[in-house]
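Q: sequence first, then the predicted structure, then my questions.
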Amino acid sequence: METSYKQTGETRSTPFLEISRLKQILKLSLPIAVAIIGFASVGLIDIAMVGRLGDEALAAIGLANSLFFLLFVVTIGLGTGIQTMTAMRVGEGNLHLSGKDLNAGLILGIVLGLFLMIVGYIAFPFLVTYMNQDREVVEQAVAYLNARMPQLLFFALCFAFRSYWNGIGKPQITLLEMIIAIGGNVIFNYLLIFGKFGFPEMGAAGAGLSTTLATICTFILYMVIGIKDLRINGFLRGLPDKSRIHTLIRLSIPLGISRFLVTISISILFYMVGFLGTKETAALNVMNNIMVTIVLIADAMGFVTITFVGQALGRKDIGDAKRWGWDAAKVGTVILSVFSILVALFPQEILSLFIIDPATLSITMFPLRLSALNILVIGYVTIIGSALVGAGAAKTSLILTLVIQWCLMLPLQWLLGIYFDFGLLGFVLGFFIAYTIGTVIVSFIWHREGWSNQGT
């Protein structure tokens, strides 16, 4: 069903933003946020359950995930391209053609997923040995990666479906994915990590296999729903035309590269922190996952912004597209402020859910508290950056990533964390300075409207 977001003379407003637009943002963002956070909690569940095995297992999963997400995030670029195309299709009034965008995404997802699996199986065992000197950590990290590698294929396909639903303004369907992903992962983790009910005790490898099995279950669900409800929009009705595939590739490649570079920066961060010790690596793993889970709220707001901006540009309404970017950023910043305050006030209570070693807990407390500020700056950059993606300015988003992550953040983190020996605190400060500058840059770009002629 086509969604429309037109202004009316009856719209009540506040000095902050119009009530009608606030309701529309929340209506779409809440299901997406719940689904994304639910999906991300799968990783936190892995950490919480494997953390009972000790610091080595905890550090191993952190190290493994920093590598795994190098390839994992490339599939997110593909999904975001699908959402951008679908949202514009809705704005143009061509919902009946949107299924062909999904078809193109699934074909590219299969090719991309299989390619990434092969790369991972070949490269990761060698890379792990260069990133950590603890033999037990390396062995558990490799076992976890080998078990999780097939997830790359099935997540690429699942994310194509999820992006399609977001693009047409029906994100509620992704809540089903969350239920299966969380429920399946908890059950499989319990059986395979600890070897319950006759299943093998696989430790960290069991956590990786559990995540893969849960993703396969969600893909089966999406296929059933797609065959039942999306055939009318062209789903599985013939191969997509070359121009559609070309447009999807043009949008997805910069986004995939951008996500890839962000994840490489995280891997480099783990590499630098590895010189501080295993406890610091374990602490960074927990702190990073807590922060990522909260910032996923901004990701949810970003996906909503892609939909609104894309639909507005499909209607050729540049002014409305620009307003959606600002409005989503306002709402997202207010929501993230609540979580930022909670992190600042209750770091010990939050960390105790994941860390059992008092020494590891102690060195993580203050850096996590200071990271509360990072939640706000990265959230803002994420939302406005997503608005650029929704406008089809994928290359601009890539350049922003290069500037913020590579020209500012990594050099600052090395300087403050390693050279001046501030440890984890230095890495947090480097992140904050880089993304504070990033908020200024991305705001200027969105205000100037150079993105308005870069749509699909």
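A: Perfect, thanks for sending it.

Q: residues contacting residue 376?
A: When contacts are counted by Cβ atoms under 8 Å, 6 or more residues apart in numbering, residue 376 touches 333, 336-337, 340. Backbone N, C-alpha and C define where each C-beta goes, glycine included.

Q: how long is stretch 139-158 end to end?
A: Start-to-end span of stretch 139-158 (Cα to Cα, to the nearest Å) is 30 Å.

Q: quick one: mean pLDDT for that stretch?
A: Summarised as a single mean, pLDDT over stretch 139-158 is 91.

Q: on that earlier part again, from the contacts of residue 376, which is closest to residue 149?
A: Comparing those against residue 149 with Cβ to Cβ picks out residue 336 as the nearest, at 33.0 Å.

Q: any idea which element the closest one lies in?
A: Using DSSP states H and E, residue 336 sits within helix 318-345.

Q: got the buried residues for that helix?
A: Neighbour-count burial for helix 318-345, counted by 16 or more other Cβ atoms under 10 Å, picks out 318, 320-333, 335-336, 339-340, 343.

Q: try stretch 126-144
A: Residues 127-128, 131-132, 134, 137-144 are the ones in stretch 126-144 that count as buried (16+ other Cβ under 10 Å).

Q: stretch 195-214 too?
A: Neighbour counts using 16+ other Cβ under 10 Å place 202-214 of stretch 195-214 among the buried residues.

Q: likewise stretch 244-251?
A: Across stretch 244-251, burial judged by 16+ other Cβ under 10 Å covers 244-245, 247-248, 251.

Q: pull the most distant pair out of the buried residues of stretch 195-214.
A: Spatial extent of the buried residues of stretch 195-214 (Cβ to Cβ) is set by the pair 203 and 214 at 17.8 Å.

Q: and the spatially closest residue to residue 387 that is not a sequence neighbour, how far from residue 52?
A: Counting by Cβ to Cβ, 6 or more residues apart in numbering, the nearest residue to residue 387 once its immediate chain neighbours are dropped is residue 325, at 3.4 Å. According to Cβ to Cβ, to the nearest Å, residue 325 and residue 52 sit 44 Å apart.

Q: circling back: go ahead and confirm the residue nearest to residue 387 touches residue 307.
A: No. In this structure, residue 325 is not within contact of residue 307 by Cβ atoms under 8 Å, at 12.0 Å.

Q: need the next SSE after whichever helix or strand residue 221 is part of, C-terminal direction.
A: Using DSSP H and E, residue 221 sits within helix 204-229. Using DSSP H and E, the helix or strand that follows helix 204-229 in sequence is helix 242-274.

Q: let me see the mean pLDDT of that following helix.
A: Mean pLDDT, helix 242-274: 83.

Q: now the helix or strand that it is followed by against helix 242-274, angle please.
A: Reading on from helix 242-274 to the C-terminus, the next helix or strand found by DSSP H and E is helix 278-314. Relative orientation of helix 278-314 and helix 242-274, computed by axes from the mean of the first three to the mean of the last three Cα atoms, to 10 degrees: 160 degrees.

Q: report the angle between helix 278-314 and helix 318-345.
A: Using the same axes, to 10 degrees: helix 278-314 against helix 318-345 is 160 degrees.

Q: tell me what helix 278-314 is packed against?
A: Contacting helix 278-314 under the criterion 3 or more Cβ pairs under 8 Å, 6 or more residues apart in numbering; DSSP states H and E are the following elements: helix 19-50, helix 55-92, helix 151-167, helix 242-274, helix 318-345, helix 347-351, helix 358-390, helix 424-448.

Q: to residue 291, which of those lies closest?
A: Ranking the helices and strands packed on helix 278-314 by proximity to residue 291 (Cβ to Cβ) places helix 358-390 first, at 5.7 Å.

Q: list the contacts of the nearest residue to residue 152 once chain neighbours are set aside.
A: Counting by Cβ to Cβ, 6+ apart, residue 116 is the residue found nearest to residue 152 once chain neighbours are left out, at 4.6 Å. If you count contacts by Cβ under 8 Å, 6+ apart, residue 116 has them with 71, 74-75, 152-153, 156.

Q: give me that answer again for 10 Å
A: Residues counted as contacts of residue 116 (Cβ atoms under 10 Å, 6 or more residues apart in numbering) are 70-72, 74-75, 149, 152-153, 155-156.
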